[in-house]
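1. Sequence unavailable; structure follows:
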């Protein structure tokens, strides 16, 4: 399972059948698929159109929460590119390290 916001990759199943069995157990479906968050987003009218996904205003790897207030709609390529860039910049830093990002206007 790739958690792009938290910057983790975790093996959760051996194969498709194993996944189908495990997702039914405990709270796995809610945790892995973020069902409560998605339900809350849809309930307040935050829905997706083609090519879009839910992203984070403040990435979880930088202390952001998995909440409606911290969620936005973003294009899928922008979402992955943005998070990949952040993870490249902070790889190897100990948890809790303070970081400062400077946003550059690439159009100038």
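-> That came through, no problem. Keep in mind it's a predicted model, so treat the numbers as computed, not measured. Residues are numbered from 1 along each chain as shown.
2. what mean pLDDT does the host helix or strand of residue 41 have?
-> Assigned by DSSP states H and E, residue 41 belongs to helix 35-43. Taken as a whole, helix 35-43 carries a mean pLDDT of 97.
3. After that helix, which helix or strand is next? Please name it.
-> strand 52-56.
4. mind listing what's buried in the helix or strand just after that next one?
-> Downstream of strand 52-56, the next assigned helix or strand under DSSP H and E is strand 71-75. Residues 71, 74 are the ones in strand 71-75 that count as buried (16 or more other Cβ atoms under 10 Å). For every residue, glycine as well, the C-beta is placed using N, CA and C.
5. Please pull up the helix or strand immediately following strand 71-75.
-> By DSSP H and E, the next helix or strand past strand 71-75 is helix 76-90.
6. Give me the angle between that next one and strand 52-56.
-> Helix 76-90 and strand 52-56 are oriented at 30 degrees to each other (axes from the mean of the first three to the mean of the last three Cα atoms, to 10 degrees).
7. ok, and what's touching stretch 73-90?
-> Here stretch 73-90 makes contact (Cβ atoms under 8 Å, 6 or more residues apart in numbering) with 4-5, 7, 46, 48-49, 51-55, 59, 61-62, 97, 99, 101.
8. In this structure, where is pLDDT below threshold?
-> Within the chain, the ranges that satisfy pLDDT under 70 run 103-108.
9. Just give me the neighbour total for residue 60.
-> 17 (other Cβ atoms under 10 Å).
10. what residues are up against it?
-> By Cβ under 8 Å, 6+ apart, the residues touching residue 60 are 3, 5-6, 66.
11. Among those, which one has the most neighbours?
-> residue 5 (23 neighbours).
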